[in-house]
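Undergrad: Just to be clear, the model below is a prediction. Sequence and coordinates:
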Amino acid sequence: MPIQRRDLLRSAARASVALGILPELVTSPALAAVSNSGPDAGTLPPGAVSRFAPLNGIRLHYVVAGSGPPLVLLHGWPQTWAAWRNTMAALSDRFTVIAPDLRGLGLSERTVSGYDKRTIAEDIRALIDHEAGGRASLLGHDMGGKAAYVLAHRHPDRVSRLALVDCLLPGTENMDSLRGGAWHYGFHMAPDIPEMLTAGRERDYVREQIRAWSHRKEAITEEAIDEYARHYASPGGMSAGFNYYRALRDDAALAASFRGKSLAMPVLAIAGRYGVGSRLSDALKIEAGDLTTVVVEESGHFVAEEAPDAFQRTVAQFMTA
């Protein structure tokens with residue numbers, strides 16, 4: 001359904017409040033121009049390497065650490081591969097952990113189109129073929145979870161185990177703020193308006209969204225927010241992030257074509273009690289015959305950061321079962 005003008009205005013007003021629009025903006029020195037050569041050495045987990053590869057028609061950036069069975073980690077909005085830094089450090093003694101910047105985000109190539117989750121899934125399929133020998137376990141959070149879900153349906157031969165982290169399956173999102181839905185969907189999906197209202201205030205907006213979706217408000221550090229925001233604040237960064245939302249209608253139509261089909265691999269649904277809660281596992285029950293469900297009590301949307309010990313333990317147990 002087209003976005004109604006009143007809904008757009010309501011979302012824009014809420015965004016302005018979230019941003020705290022001021023005459024002067026204080027930004028962090030970390031919001032420097034993004035280097036094309038790779039992440040700062042201090043950002044990489046111990047023993048990790050940063051790589052670029054031409055995959056599915058784009059230049060994809062990813063970080064690799066550890067040894068053992070391959071495990072691919074897909075971040076969400078408004079983050080980059082660096083969301084997985086601590087997870088990679090914890091799991092790299094058991095897995096070869098591969099964390100890409102999704103198309104258009106971080107150091108991966110920004111494209112005009114291709115932010116629908118079918119295309120993102122093809123990016124990751126190409127990465128699995130290139131870096132993991134054609135088959136890997138797959139874990140995705142937020143938008144990365146949507147892409148992981150699509151990839152598991154379209155290329156089940158590439159996915160040995162699937163973990164979805166505090167995301168909603170395409171088409172199950174509640175975008176109606178008048179009925180308990182999240183206001184940011186309509187705002188992010190609107191053409192041009194979100195770019196206009198966040199220009200020069202990218203860090204403020206990224207920070208407010210992260211804080212709003214967290215239960216443990218300080219779990220994601222200001223330094224981590226600096227790292228994410230410096231990429232989103234670079235030319236085209238916010239547009240790329242919003243384009244993941246603008247593709248949601250196409251994603252829902254694709255997901256509808258999966259109805260009646262089962263996910264062939266074992267599936268883990270892990271969510272925060274103050275995030276999506278049981279909604280993820282409830283949606284997966286009808287198509288995942290081998291489903292493990294974990295709801296982390298003292299966590300919001302960012303489970304890997306808000307409850308790292310429980311998250312890392314759960315993922316390691318599931319991936320080695």
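TA: Done, it's in.
Undergrad: give me every residue that touches the residue nearest the centre of the chain.
TA: With distances taken as C-alpha atoms, centre = their mean, G76 lies nearest the centre of the chain, 1.1 Å away. By C-beta atoms under 8 Å, 6 or more residues apart in numbering, the contact list for G76 reads 83, 140-145, 167. Every C-beta, even on glycine, is put in place using the N, C-alpha and C of the backbone.
Undergrad: now do 7 Å
TA: Under the criterion of C-beta atoms under 7 Å, 6 or more residues apart in numbering, the neighbours of G76 are 141-145.
Undergrad: Could you identify the most distant pair in those residues?
TA: H141 and M143 (8.1 Å; C-beta to C-beta).
Undergrad: quick one: low-confidence parts of this structure?
TA: In the prediction, the chain carries residues with pLDDT under 70 at positions 1-37, 40-42.
Undergrad: Now do the helices in it.
TA: Listed from the start of the chain, the chain has helices (DSSP state H) covering 5-19, 85-91, 117-131, 143-154, 184-189, 193-198, 202-213, 222-232, 237-246, 248-256, 279-284, 303-306, 308-320.
Undergrad: looking at the ones you listed, which is closest to S262?
TA: Once C-beta to C-beta is applied to these, the stretch that comes out nearest is helix 143-154, at 9.3 Å.
Undergrad: quick check: angle from the closest one to helix 237-246?
TA: If you take axes from the mean of the first three to the mean of the last three C-alpha atoms, to 10 degrees, helix 143-154 sits at 50 degrees to helix 237-246.
Undergrad: ok so, going back, I'd like the distance between the residue nearest to the centre of the chain and A304.
TA: Shown here: G76 relative to A304, a distance of 10 Å by C-beta to C-beta, to the nearest Å.
Undergrad: what do those two both touch?
TA: Taking C-beta under 7 Å, 6+ apart as the contact criterion, the common neighbours of G76 and A304 are H141.
Undergrad: give me every residue that touches the closest residue to R158 other than its chain neighbours.
TA: Excluding the flanking residues, the one nearest R158 by C-beta to C-beta, 6 or more residues apart in numbering is I128, at 5.1 Å. Neighbour list for I128: 72, 134-136, 158 [criterion: C-beta under 7 Å, 6+ apart].
Undergrad: Closest one of these to H188?
TA: Ranking the contacts of I128 by separation from H188, with C-beta to C-beta as the measure, puts V72 on top at 25.2 Å.
Undergrad: if I pick the closest one, what's in contact with it?
TA: V72 is in contact with 98, 124, 127-128, 132, 136, 138, counting by C-beta under 7 Å, 6+ apart.
Undergrad: so what's it bridging to?
TA: Beta-bridge partners of V72, counted by DSSP bridges, are I98, L138.
Undergrad: follow-up on the earlier one: please check the contacts of G76 and keep the buried ones.
TA: Listed as buried from those are 141-145; burial here means 16 or more other C-beta atoms under 10 Å.
Undergrad: Go through the residues you listed and say which is closest to G272.
TA: Lowest distance from G272 to those (C-beta to C-beta) belongs to H141, with 10.8 Å.
Undergrad: The closest one contacts H75, correct?
TA: Yes - assessed by C-beta atoms under 7 Å, H141 is found in contact with H75 at 6.2 Å.
Undergrad: hang on, the earlier thing: okay, the contacts of V72 in a markdown table with distance to M265 next?
TA: Written out in a markdown table, the entries for the contacts of V72 read as follows (distance: C-beta to C-beta, whole Å):
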| residue | distance to M265 |
| --- | --- |
| I98 | 18 |
| I124 | 15 |
| L127 | 18 |
| I128 | 13 |
| A132 | 15 |
| A136 | 11 |
| L138 | 9 |
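Undergrad: Out of the residues you listed, which comes closest to W183?
TA: Using C-beta to C-beta as the measure, the one of the contacts of V72 that approaches W183 most closely is I124, at 29.4 Å.
Undergrad: Compute the number of surrounding residues for N174.
TA: Counted with other C-beta atoms under 10 Å, residues neighbouring N174 total 12.
Undergrad: how close does it sit to G275?
TA: 13 Å.
Undergrad: so which of the helices of the chain gets nearest A163?
TA: Among these, if distance is taken as C-beta to C-beta, the winner is helix 308-320, at 6.2 Å.
Undergrad: other SSEs contacting the closest one?
TA: In this structure, helix 308-320 makes packing contacts with helix 85-91, strand 159-165, strand 267-272, strand 291-296, judged by 3 or more C-beta pairs under 7 Å, 6 or more residues apart in numbering; DSSP states H and E.
Undergrad: quick one, the last one and strand 159-165 angle?
TA: By that I understand strand 291-296. Using the same axes, to 10 degrees, the inter-axis angle of strand 291-296 relative to strand 159-165 is 30 degrees.
Undergrad: Give the pairing partners of strand 291-296; include direction for each.
TA: With DSSP bridges as the test, strand 291-296 is paired with strand 267-272 (parallel).
Undergrad: contacts for the partner strand?
TA: 162-166, 215, 277, 280-281, 284, 288, 290-296, 299-301, 303, 306, 311, 314, 318.
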